[in-house]
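# Sequence and predicted structure, then a few things I'm wondering about:
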Amino acid sequence: MFNNLRRLMPYMGDALPKLIIGVIVAMFSSAVALSIPYVLRALVDGPLSTGDARQIWPGAFLLLALSAVEAGLLFLRRFFMLQPGAMLDGTMRIAIYSRLQRLPISFHDRWQSGQLLSRAMGDVSTMRRWLSFGFVSIVVSAFTLVLGLGVLFWMNALLGLVFTLFILPLVYISIRFRFAFNKVSRQAQDQAGELTTSVEESVHGVRVIKSFGRSQHFQDMFNDRATQLRETELSKGRTAGRLSFWLVLIPDAALAATLVLGIGLAANGVVTVGTMFAFFATSAVLRWPLENIGMLLALTIDASNALDRYYEVIDSPVDIHDEPGAVEMTPGPGELVFDDVHFRFADTEDGEPDIINGLNLHIAPGETVALIGLTGSGKSTVTSLVARINDVTAGRILIDGQDIRDVTLKSLRTEVAMAFEDPTLFSLSVRENVLLGREELVDAPGEQTDKTLQSALDIAQAGFVAELPKGVETRVGEEGLSLSGGQRQRLALARAIATEPRMLILDDPLSALDVNTEAMVEQALRSVLSRTTALVVAHRPSTVMLADRVALLDNGVITEIGSHKELLARSPRYRHVISALDAESTLLDTPSGEEARS
Ligand SMILES: Nc1ncnc2c1ncn2[C@@H]1O[C@H](COP(=O)(O)OP(=O)(O)OP(=O)(O)O)[C@@H](O)[C@H]1O
Ligand SMILES: [Mg+2]
């Protein structure tokens with residue numbers, strides 16, 4: 001458990017010395033607390049038994065001074081512990097965020113977003129609480145306990161021994177508690193993650209839920225999960241409660257036993273009354289660390305589990321990364337070659353064929369190739385391979401003769417721009433969204449920036465931007481203005497165009513546009529595409545017209561390639577696929593259902 005928590009160390013950075021000072025200060029303050037009974041003993045055995053009132057003052061002043069020192073040290077402890085906790089919080093969140101950015105799509109496909117969210121937020125807070133409060137308290141409690149027991153033995157060995165024997169069962173009880181609590185603690189954290197997922201999904205999908213009238217159903221589902229979490233938390237509380245029972249009872253019993261014994265000893269003159277007094281004052285100081293064992297154990301177990309959950313993300317392998325010796329991509333005309341490319345998803349069952357199964361395709365510099373195929377044939381998968389969103393499982397992809405795994409990801413992704421059917425906009429201005437791939441321009445207002453932005457918007461037919469309340473400075477995305485599906489698609493397309501890439505990969509980015517707008521975009525794209533090599537996934541025959549050649553994807557390979565006209569003339573399979581797409585798009589493009597039926 002503590003071994004595990006050592007992994008927090010690197011996140012503390014230069015706040016580590018403060019943590020150590022904080023612990024030392026706290027130990028001093030507990031030593032001061034333990035010295036107070038000695039002064040009491042001197043007072044009881046001195047002025048109190050002699051009856052000399054004037055002798056009280058030095059002792060009383062010492063007592064006051066010691067209390068002031070203890071309070072001062074306590075303040076210092078808080079002061080020093082502030083930074084390590086805050087530091088840990090910040091660095092851990094930054095680390096998990098940057099890991100999430102680097103982890104492959106396959107990881108994000110597998111993990112619920114709520115689980116990731118709860119790890120980055122809730123679990124990190126749990127660890128921070130443990131570090132800034134739990135950790136010091138544990139060290140100080142252990143120190144106080146050992147020192148205090150030593151003091152008890154030193155005052156009177158017999159009394160000390162009896163006291164120690166009485167509290168010994170606490171060790172056994174604590175170990176049992178640890179096992180019971182550990183299980184529910186992890187369970188509660190996982191359930192909190194699921195609850196977060198529920199909130200995340202239903203907020204995201206609120207339109208669908210409302211329109212299908214399923215609000216009640218989702219509410220019930222949420223209630224179930226929330227109830228489950230509450231039950232687990234209650235069970236945690238009950239487990240901790242049972243431990244507290246013993247943690248209060250046992251020290252009290254130890255105190256009672258030593259009291260009886262001590263009075264006997266004092267009556268027989270074996271110990272002084274002052275010693276007796278000091279003995280009980282010391283055991284009163286020990287009550288705090290003993291009673292807190294439960295809370296500190298619970299905190300530690302929670303933190304240790306939170307750390308496990310945190311590291312499950314941090315330790316996930318980033319299997320798409322720069323290969324050793326990766327170089328910057330060298331500029332070239334932009335030839336794209338798929339050479340016997342295979343791809344299968346990691347979770348594909350053995351015996352199933354690869355989704356991409358020996359695909360060969362040669363796209364000349366400046367050429368535009370449309371990729372068509374039936375739905376589910378693997379078109380999106382092919383496009384994901386070029387920017388290494390997924391890595392080929394066999395074969396290779398070459399850009400101007402360079403294997404894309406031999407160049408750095410950053411330089412590859414600067415040269416290859418993508419636009420997807422499902423366009424994601426961020427809570428930023430139109431300008432920032434469109435110039436997302438142009439780091440150097442976003443924060444550099446000027447002629448070049450305006451020109452790039454405007455020409456990308458023009459090509460994507462995003463004239464509607466001028467009509468937005470603040471033009472290109474209008475905030476869009478989740479917390480901004482809502483745009484229509486077609487408007488968002490055009491901005492996402494403009495984003496890809498604005499990077500002026502050598503390689504443009506468009507995964508059906510025009511699907512939400514009406515035919516007229518699509519035709520206009522295509523017209524404008526021709527001017528870009530003549531300078532850029534492009535692979536365009538098409539769902540509509542009209543998009544196919546844009547291409548120099550059309551490639552038909554079937555069973556993981558390119559079965560036909562040629563111009564639209566050629567293929568129409570010679571390939572029955574091509575005619576079949578095109579007519580399948582055509583049927584779909586005619587239905588979609590017809591203004592009203594009435595006409596579609598007629
Ligand atoms: N992450 C994944 N894990 C496992 N299988 C997947 C994954 N993503 C997609 N698939 C499967 O791979 C196949 C190809 O999917 P892909 O999205 O490439 O098809 P597509 O040709 O783009 O289809 P559409 O025309 O509908 O967009 C599908 O059968 C799909 O179920
Ligand atoms: Mg697709």
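Structure received. Ligands and ions are numbered 1, 2, ... in the order given.

# Can you name the next helix or strand after the longest helix seen in the chain?
Taking DSSP state H as the criterion, the chain has its longest helix at helix 215-267. Downstream of helix 215-267, the first helix or strand assigned by DSSP states H and E is helix 273-291.

# Tell me where the stretch 451-598 of the chain has strands.
Taking DSSP state E, counting those that start in this stretch as the criterion, the stretch 451-598 of the chain carries its strands at 503-507, 533-537, 549-554, 557-562.

# Can you convert the ones you listed into JSON lines and add a column each for mean neighbour count?
All C-beta spots, glycine's among them, are computed from the backbone N, C-alpha and C. Converted to JSON lines, the strands of the stretch 451-598 of the chain look like this (neighbours: other Cβ atoms under 10 Å):
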{"stretch": "strand 503-507", "mean neighbour count": "25"}
{"stretch": "strand 533-537", "mean neighbour count": "25"}
{"stretch": "strand 549-554", "mean neighbour count": "22"}
{"stretch": "strand 557-562", "mean neighbour count": "17"}
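
# Of all those strands, which one is nearest A192?
strand 503-507 (35.6 Å; Cβ to Cβ).

# Show me what the closest one is packed up against.
For strand 503-507, the elements it packs on are helix 379-386, strand 416-419, helix 485-498, strand 533-537, judged by 3 or more Cβ pairs under 8 Å, 6 or more residues apart in numbering; DSSP states H and E.

# Would it count as contacting ligand 1?
No. Using Cβ under 6 Å from any ligand atom, strand 503-507 stays clear of ligand 1, with a minimum separation of 7.1 Å.

# Give the partner strands of that strand in its sheet and their orientations.
strand 416-419 (parallel), strand 533-537 (parallel) (DSSP bridges).

# could you give the angle of it to helix 379-386?
Relative orientation of strand 503-507 versus helix 379-386 (axes from the mean of the first three to the mean of the last three Cα atoms, to 10 degrees): 150 degrees.

# Just the mean pLDDT for strand 503-507, thanks.
Throughout strand 503-507, pLDDT has a mean value of 92.

# angle of that strand against helix 485-498?
Going by the same axes, to 10 degrees, strand 503-507 makes 160 degrees with helix 485-498.

# which residues sit against strand 503-507?
334, 336, 379-380, 383, 386-387, 399, 415-421, 493, 496-497, 528-529, 532-537 (Cβ atoms under 8 Å, 6 or more residues apart in numbering).

# can I see the domain layout of the chain?
11-314, 336-590 (automatic domain parsing).

# which stretch among these comes nearest M329?
domain 336-590 (4.2 Å).

# roughly how far out does that closest one sit from the chain middle?
Taking Cα atoms, centre = their mean, to the nearest Å, the mean C-alpha location of domain 336-590 is offset from the chain mean by 29 Å.

# circling back: now render the helices and strands packed on strand 503-507 as CSV, adding distance to ligand 1 and mean pLDDT.
Formatted as CSV, these follow (distance: least, Cβ to the nearest ligand atom, whole Å; pLDDT from 0 to 100):
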stretch, distance to ligand 1, mean pLDDT
helix 379-386, 3, 94
strand 416-419, 13, 91
helix 485-498, 14, 91
strand 533-537, 7, 93
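
# Would you mind listing what in the stretch 1-150 of the chain touches ligand 1?
Checking the stretch 1-150 of the chain against ligand 1 by Cβ under 6 Å from any ligand atom, the hits are D109.

# For ligand 1, what is the nearest residue in the stretch 1-150 of the chain?
Proximity of the stretch 1-150 of the chain to ligand 1 (Cβ to the nearest ligand atom) peaks at D109, 4.5 Å away.

# Which of the helices or strands spans D319?
Using DSSP H and E, D319 falls within no helix or strand.

# for it, what are its contacts?
Going by Cβ under 8 Å, 6+ apart, D319 touches P104, S106, D391.

# I'd say the second one and A346 touch.
Yes. The pair S106 / A346 is scored as a contact, 5.8 Å apart, by Cβ atoms under 8 Å.

# Those two: which is more packed in?
Neighbour comparison, S106 and A346: the larger count goes to S106, with 17 against 12 (by other Cβ atoms under 10 Å).

# Next, that one: secondary structure please.
helix (DSSP: H, G, I helix; E, B strand; the rest coil).

# between the strands paired with strand 503-507, which one is nearest to I167?
For I167, the closest of the strands paired with strand 503-507 is strand 416-419, at 66.0 Å, according to Cβ to Cβ.

# which residues touch that closest one?
By Cβ under 8 Å, 6+ apart, strand 416-419 touches 383, 386-387, 389, 399, 437, 489, 492-493, 495-497, 499, 501-507, 509.

# circling back to that earlier point, generate a ChimeraX selection restricted to the buried subset of the contacts of strand 503-507.
The buried residues among the contacts of strand 503-507 can be selected in ChimeraX (16 or more other Cβ atoms under 10 Å) with this line:
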select :334,336,379,383,386,387,399,415,416,417,418,419,420,421,493,496,497,528,529,532,533,534,535,536,537
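
# where's V271 relative to ligand 1, distance?
From V271 across to ligand 1, the span is 76 Å (Cβ to the nearest ligand atom, to the nearest Å).

# same thing with F177?
From F177 over to ligand 1 the distance is 43 Å, taken as Cβ to the nearest ligand atom.

# That residue is in contact with G241, isn't it?
No. F177 lies out of contact with G241 (Cβ under 8 Å); the separation is 10.7 Å.
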